[in-house]
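> Show me the folded form of this:
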Amino acid sequence: MKLGEIAQQLGCQVDGDSQLEIRNVAGIEEAQSGDLTFLVNRKYRPALSETRATAIIVSKDEAAAPIAMLRSANPYLDFARAIEIFYPAPKFTMEIHPTAVIAPTAKIAPGAHIGPYCFVEDEVEIGRNAVLHSFVTIYRGAKIGDDFFAHSHVTVREACRIGNRVLLQNGVTIGSDGYGFARNADGTWYKMRQSGVTVIEDDVEVQAHSVVDRATIGETRIGRGTKIDNLVQVGHACKVGSDTMLCGQVGLAGTTKVGDKCILAGQVGAAGHLTIGDRAVLTAQSGVPSDVPADAVYSGYPAMETLAWRKSVAIFNRLPEMQKQIRDLRDAIDKLSGE
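Next comes the predicted model:
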């Protein structure tokens, strides 16, 4: 494909030869002749003089480069769109595989692809153009919207509700039992029936082997457009707002509330029964024992404002030295007192 054609599809400005032939997309360090790459992170700027790529997507104000450029208002987004040009999503035929088991009371709208060994129970409703890849299980009474895509080994449990254009990667479970147990007088545990549901709103993606538990009573809810990474645990009765990102191995204990447009980086843990305000950012491995205000950037354990955490870490590294200084001062004071 000609570079000019790509520019037209992406809405970018060509700076260089628009007739160059582009055959693939690649990272700036791996790119070869015929590849289109991109530059966003300044740390990769030195690689620009060495890359073998034929063209690069850059910001509108980027300095001239030794290769052809596509100038973009959002280079990372346009590179994402360029990937789709060369690697379109696979198409699935409208069919129900003979090994799939569909209950007679299930309602599946036109355009569905139900793959091998899928199981759809009674009173399930699935919207138009759904894809259930293989070994997908939909429990009784689940309601699912249009353009649903479930990769292999996805499970949607009983009575859960899923909106439109939801994508569930391999091994995701929606609506598993919440972690609810009451203690008996003898110290043993009595399992609380998890009578609530999980609600997944439109345009949510949940990546591989993540779990969103159902509520004990009421609902667990994931807001519109939120993206959940691999190996994330969302506990019972949590509420996660819209356009929030929960990165790998995040854990939300029950009844945690996370606002809109938040980012919880890898391995953040929330203690439960707390609120994280809109647009808050929690850096990797932060432990959250209490509420976090809106627009805050928190780090560490216990999580605190990132600037305060950095100062604390700087002091922590000097504790042995400071301890020695305190001992020396105390010895000097004792000596003076003795005189």
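
> biggest helix in the protein, by residue count?
Ranked by number of residues, the top helix in the chain under DSSP state H is helix 319-338.

> Could you give the separation of it from the chain centroid?
Centre-to-centre, helix 319-338 and its host chain are 51 Å apart (C-alpha atoms, centre = their mean, to the nearest Å).

> State the mean pLDDT of it.
Helix 319-338 comes out with an average pLDDT of 87.

> Ok, stretch 42-51 next?
Stretch 42-51 shows a mean pLDDT of 86.

> quick one: stretch 226-234 to chain centroid distance?
Put simply, stretch 226-234 sits 5 Å off its chain's centre (C-alpha atoms, centre = their mean).

> ok, residue 202 - contacts?
Residues near residue 202 by C-beta atoms under 8 Å, 6 or more residues apart in numbering: 145, 163-166, 224-225. Every residue, glycine included, has its C-beta placed from N, CA and C.

> try 6 Å
163-165, 224 (C-beta atoms under 6 Å, 6 or more residues apart in numbering).

> Residue 181: which of those residues is nearest?
residue 163 (30.9 Å; C-beta to C-beta).

> Go ahead and confirm that closest one touches residue 201.
Yes. With contacts counted by C-beta atoms under 6 Å, residue 163 reaches residue 201, the gap being 4.7 Å.

> helix/strand/coil for residue 260?
Residue 260 falls in the coil class when you classify it by DSSP: H, G, I helix; E, B strand; the rest coil.

> coming back round to it: can you pick the most crowded of the contacts of residue 202?
Ranked by neighbour count (other C-beta atoms under 10 Å), these have residue 163 at the top, with 20 neighbours.

> How about it: what's its closest non-neighbour residue?
residue 202 (3.9 Å; C-beta to C-beta, 6 or more residues apart in numbering).

> Tell me how far that neighbour lies from residue 229.
19 Å (C-beta to C-beta, to the nearest Å).

> tally of neighbours for residue 186?
Per other C-beta under 10 Å, the neighbour tally for residue 186 reads 5.

> Let's see the pLDDT reported for it.
pLDDT, residue 186: 97.

> where does it land in three-state SS?
Recorded secondary structure, residue 186: coil (three-state DSSP).

> Doesn't residue 308 lie inside a helix?
Yes. Per three-state DSSP, residue 308 lies within a helix segment.

> Now residue 106. Its backbone dihedrals?
Residue 106 adopts backbone torsions of phi -70, psi 140, taken as degrees, to the nearest 10.

> List the contacts of it.
Counting by C-beta under 6 Å, 6+ apart, residue 106 touches 120, 124.

> how near is residue 265 to residue 209?
19 Å.

> average model confidence for stretch 57-73?
Mean per-residue pLDDT for stretch 57-73: 92.

> If you count neighbours, what's buried in it?
Within stretch 57-73, the residues scored as buried using 16 or more other C-beta atoms under 10 Å are 57-58, 62, 65, 67-72.

> Contacts made by that stretch with the rest, please.
So stretch 57-73 is contacted by 7, 12-13, 15-17, 20, 38-39, 48, 55-56, 75, 78-79 (C-beta under 6 Å, 6+ apart).

> Give me the subset of those residues that lies in helices.
Counting by DSSP H, the contacts of stretch 57-73 place 7, 75, 78-79 in helices.
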